[in-house]
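K.L.:
Kindly generate the corresponding structure for this input.
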Amino acid sequence: MSTCNTIDHAALARDIKRWARELGFAEAGISGVTLGEDEQHLASWLADGHHGEMDYMARHGTKRARPAELEPGTQRVISVRMDYVPPGTRNAWDVIRDGEAGYVARYALGRDYHKLMRNRLQKLAGRIHAVVGDFGYRAYVDSAPVLEKALARNAGLGWIGKHTVLINRRAGSYFFLGELYTDLPLPVDEPASAHCGSCRRCIDVCPTQAILAPYRLDARRCISYLTIELKGSIPEELRAPMGNRIFGCDDCQLVCPWNKFAQDAAEPDFAPRHSLDGAKLVELFAWSEDEFLKRTEGMAIRRTGYEGWLRNIAVALGNAPGSIAVREALNARADHPSPLVREHVAWALARQASPGSSS
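P.N.:
Okay, here's the model as predicted:
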């Protein structure tokens, strides 16, 4: 715990924001730890079962909305954001409209951000330590029960949009978030105000109608959940709307007017690997498990697992324009050892055999 009472906390807060930018973060802000309304919203969302199989969302009880319960002594949260779409990435809509290509959410095209951002947060803590001496802190990047969007909003980094994604009026929504919980009594920033107005483009565009109402997302229908978190069979009625999205989905962000202000990523490690910003489905489906593990090393895509990878691509191939190459690729996996893969391949083959059913 920090014991020094001679620290100029206002000056320190200014320094922290400058150091954060020097370490590659686009912006930093500071918030308190009171999240009462957000805790109620989370409890209601969980009670409705909208978290699906993400049991960990409910398992941690109140810790997610009460930072001092997660990390005792926490008085403030330093929230940071980092832009993730690198320059030169293939246009997202062009890939989505190309039925022969696989769409991967733009955040997952390069290096996994978790370790990279956590290391930078540790360096930020090191700079703080050099000034104030020992102090209590803990760095988090999607690694613990943290209401990161609510904390970032309270730190002035953006507001939570109707699609439940954080939006920054100067930088859109294509950025990662991370947090440094600390016992330092730093001055807090002004929370961001909301600027969605009457716009509902994100709600209307969702391929699976996962956004039930403003600020209300049913994860069980969300393509990001279906292609990443869900480990079993994808509900049949949601397969056709998935189109060619094989890992995550960006549609609600792609239509957001605020993303005209989106900033290019400054981090070169986020550049697309293996042409995954528009690779052909047939080629991706041919990857062996060894190739999958080797080519996704250090990437978020690894999270879906090889079976999930084949399951997702099988669905996309079922939705692809009919061709000999597509049918041959699916037939090559028709007897796959995994019942999960076989089921989705069989669905895709049946869809390919039905005239006019593929988009």
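K.L.:
can we go C-alpha only for contacts and neighbour counts from here?
P.N.:
OK.
K.L.:
you'd agree Asp269 is up against Ala108?
P.N.:
No - look at Asp269 against Ala108 with C-alpha atoms under 8 Å: they stay out of range, at 11.1 Å.
K.L.:
Please say which of these two ends up with more neighbours.
P.N.:
Ala108 (23 against 16; other C-alpha atoms under 10 Å).
K.L.:
wait, what's in contact with the closest residue in space to that one that isn't next to it in sequence?
P.N.:
Spatially, and ignoring its direct neighbours in sequence, Ala108 is nearest to Ala300 (5.6 Å; C-alpha to C-alpha, 6 or more residues apart in numbering). By C-alpha atoms under 8 Å, 6 or more residues apart in numbering, Ala300 lies in contact with 108, 111-113.
K.L.:
I'd like to know how far Ala300 sits from Ala334.
P.N.:
27 Å (C-alpha to C-alpha, to the nearest Å).
K.L.:
pLDDT weak spots in the stretch 1-150 of the chain?
P.N.:
1-5 (pLDDT under 70).
K.L.:
Tell me how many other residues crowd Ile228.
P.N.:
Neighbour number of Ile228 under other C-alpha under 10 Å is 20.
K.L.:
Would you enumerate the residues in contact with the nearest residue to Leu35 once chain neighbours are set aside?
P.N.:
Closest residue to Leu35 apart from its sequence neighbours, by C-alpha to C-alpha, 6+ apart: Ala65 at 5.8 Å. Taking C-alpha under 8 Å, 6+ apart, we find Ala65 in contact with 34-36, 38-39, 146-147.
K.L.:
hmm, try it at 6 Å
P.N.:
For Ala65, the contacting residues are 35, 39, 147, by C-alpha atoms under 6 Å, 6 or more residues apart in numbering.
K.L.:
ditto for Gly172
P.N.:
258-259, 261-262.
K.L.:
repeat that with 10 Å
P.N.:
83, 158, 166, 253, 256-263 (C-alpha atoms under 10 Å, 6 or more residues apart in numbering).
K.L.:
State the pair within the residues you listed that is farthest apart.
P.N.:
Within these, two members stand farthest from each other by C-alpha to C-alpha: Asp83 and Pro257, at 17.1 Å.
K.L.:
more crowded one of the two?
P.N.:
Using other C-alpha under 10 Å as the criterion, Asp83 and Pro257 rank with Asp83 on top: 24 against 15.
K.L.:
In the chain, where's the longest helix?
P.N.:
helix 113-132 (DSSP state H).
K.L.:
hmm, back to that, mind checking the backbone torsions on the residue nearest to Ala108?
P.N.:
Dihedral pair for Ala300: phi -70, psi -30, per degrees, to the nearest 10.
K.L.:
Nearest residue to the middle of this structure?
P.N.:
The centroid of the chain falls nearest to Tyr107 when counting by C-alpha atoms, centre = their mean (6.8 Å).
K.L.:
Which residues are in contact with the nearest residue to that residue once chain neighbours are set aside?
P.N.:
Closest residue to Tyr107 apart from its sequence neighbours, by C-alpha to C-alpha, 6+ apart: Tyr84 at 5.9 Å. Going by C-alpha under 10 Å, 6+ apart, Tyr84 touches 106-110, 113, 173-176, 262-271.
K.L.:
mind pulling up the phi and psi values for Tyr84?
P.N.:
phi -130, psi -10.
K.L.:
three-state assignment of Val77?
P.N.:
Three-state assignment for Val77 (DSSP: H, G, I helix; E, B strand; the rest coil): strand.
K.L.:
re earlier: which single one of the contacts of Gly172 is nearest to Ala329?
P.N.:
Among those, and counting by C-alpha to C-alpha, the member closest to Ala329 is Gln253, at 31.7 Å.
K.L.:
Tally up the residues packed near that closest one, please.
P.N.:
21.
K.L.:
correct me, but it touches Ser173?
P.N.:
Yes - under the criterion of C-alpha atoms under 10 Å, Gln253 makes contact with Ser173 at 7.0 Å.
K.L.:
mind listing what's buried in the longest helix of the chain?
P.N.:
113-114, 117-118, 120-122, 124-125, 127-128, 132 (16 or more other C-alpha atoms under 10 Å).
K.L.:
again, but for stretch 163-182
P.N.:
163-169, 171-182.
K.L.:
Which residue ranges of this protein form strands?
P.N.:
Along the chain, counting by DSSP state E, strands occupy 27-31, 76-83, 103-104, 137-140, 159-160, 166-167, 175-182, 211-213, 216-217, 245-247.
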